[in-house]
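Please find the sequence and the predicted model below.
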Amino acid sequence: MAAALTTNKNENTNEEYIYSYDDGSVYMGNMTNNKKHGRGTLRTAAFVYGQLYTAESAEDNSHLVKWHEYIGNWVDDVMHGPGRHVLMRGDGTSTVIYDGVWENGTHIPNPKEEYFAD
């Protein structure tokens, strides 16, 4: 269940929104008919070794805090089109997990990602 932090009287427009979900995730980006649609970022709640923390409690352990972000295109609430999945860390470092094209929520392997057996 999501709680809208911004509102729009016309649900058929593609305007920027910020949505906060019950699990601590936040979506910032375009929405149409109350669905992620267009360009946007989905950020998971921060966690330390599998535990969820509030912003205040995580601050003391910021070097251990991690969260995931998807920055890219959405179609009807599903990752679709160019996008990047990144593991972010509280110490300012990050690891790109996948950067490329998504189709119906699944990343499409790049031909350069092929692995050959020796």
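Happy to help now that I have it. Numbers count the residues shown, from 1 in each chain.

low pLDDT regions in this structure?
1-14, 49-61, 111-118 (pLDDT under 70).

Now do the same contact list for the spatially most central residue of it.
By Cα atoms, centre = their mean, the chain has its centre lying nearest to residue 42, at 2.4 Å. By Cβ atoms under 8 Å, 6 or more residues apart in numbering, residue 42 lies in contact with 25, 26, 27, 36, 69, 70. From N, CA and C alone the C-beta is placed, and that goes for glycine too.

ok, and the most crowded of these?
When neighbours are counted by other Cβ atoms under 10 Å, residue 36 leads those with 24 neighbours.

State the pair within the contacts of residue 42 that is farthest apart.
Distance extremes for these: the farthest pair is 36 and 69 at 13.6 Å, using Cβ to Cβ.

Select the longest strand from the protein.
Of all segments of type strand in the chain, defined using DSSP state E, the longest is strand 78-89.

Out of the contacts of residue 42, which sit inside helices?
Among the contacts of residue 42, no residue falls in helices (DSSP state H).

and of those, the nearest to residue 101?
Distances from residue 101 to the contacts of residue 42, taken by Cβ to Cβ, are shortest for residue 70, at 13.0 Å.

And for the closest one, nearest residue in space, chain neighbours not counted?
residue 42 (4.8 Å; Cβ to Cβ, 6 or more residues apart in numbering).

Could you measure from residue 18 over to residue 26?
7 Å (Cβ to Cβ, to the nearest Å).

Same question for residue 78.
Taking Cβ to Cβ, one finds residue 78 at 18 Å from residue 26.

Residue 76 now?
Separation of residue 76 from residue 26 (Cβ to Cβ): 20 Å.
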